[in-house]
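# Structure of the sequence below:
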Amino acid sequence: MLEQEDGENWGQSTVGTVGTVAKPYPLNYAMNLGRGQIIEDEGGPPYIEARVNEHAQLWHYRSWADWMAADSWADLKANHTQVPSGAV
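As a prediction, this is how the structure comes out:
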């Protein structure tokens, strides 16, 4: 388990995933998945009030996949993943 501010540890743990023993096991990005309630406040953008979660990382990788799958800027703009609502 690593905390969010452990950037150097994240980097080194990423290097460690290419080993013979670790390689067959996928990384788990499901911390608190399905328990984050999106709060829509008139004073700012929607946010998730949670003490521990990986929602930013999940959204980052989902957005990255959209960018990689798009054939053009117009395609990306028309077919990107919508901002979630409710619980994530």
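# Check the offset of the longest helix seen in the chain from the chain's centre.
The helix that spans the most residues within the chain, counting by DSSP state H, is helix 55-69. Helix 55-69 has its C-alpha centroid displaced from the chain centroid by 6 Å (C-alpha atoms, centre = their mean, to the nearest Å).
# tell me what it is packed against?
Secondary-structure packing of helix 55-69 (3 or more C-beta pairs under 8 Å, 6 or more residues apart in numbering; DSSP states H and E): helix 73-79. C-beta: built from backbone N, CA, C; applies to glycine.
# Show me which positions of the helix it packs on end up buried.
By 16 or more other C-beta atoms under 10 Å, helix 73-79 has no buried positions at all.
# ok so, going back, restrict the longest helix of the chain to CA atoms and write it as PDB.
Below are the C-alpha coordinates for helix 55-69, written out as PDB (Å, rounded to 0.1, in the frame of the first residue of the first chain):
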ATOM      1  CA  HIS A  55     -11.000   8.300  -8.600                       C
ATOM      2  CA  ALA A  56      -8.500  10.800 -10.100                       C
ATOM      3  CA  GLN A  57      -6.300   7.900 -11.300                       C
ATOM      4  CA  LEU A  58      -9.300   6.100 -12.800                       C
ATOM      5  CA  TRP A  59     -10.500   9.200 -14.600                       C
ATOM      6  CA  HIS A  60      -6.900   9.900 -15.900                       C
ATOM      7  CA  TYR A  61      -6.600   6.400 -17.400                       C
ATOM      8  CA  ARG A  62     -10.100   6.500 -18.900                       C
ATOM      9  CA  SER A  63      -9.300   9.900 -20.500                       C
ATOM     10  CA  TRP A  64      -6.000   8.600 -21.700                       C
ATOM     11  CA  ALA A  65      -7.700   5.700 -23.400                       C
ATOM     12  CA  ASP A  66     -10.100   8.100 -25.100                       C
ATOM     13  CA  TRP A  67      -7.200  10.100 -26.500                       C
ATOM     14  CA  MET A  68      -5.400   7.000 -27.700                       C
ATOM     15  CA  ALA A  69      -8.500   5.700 -29.400                       C
END
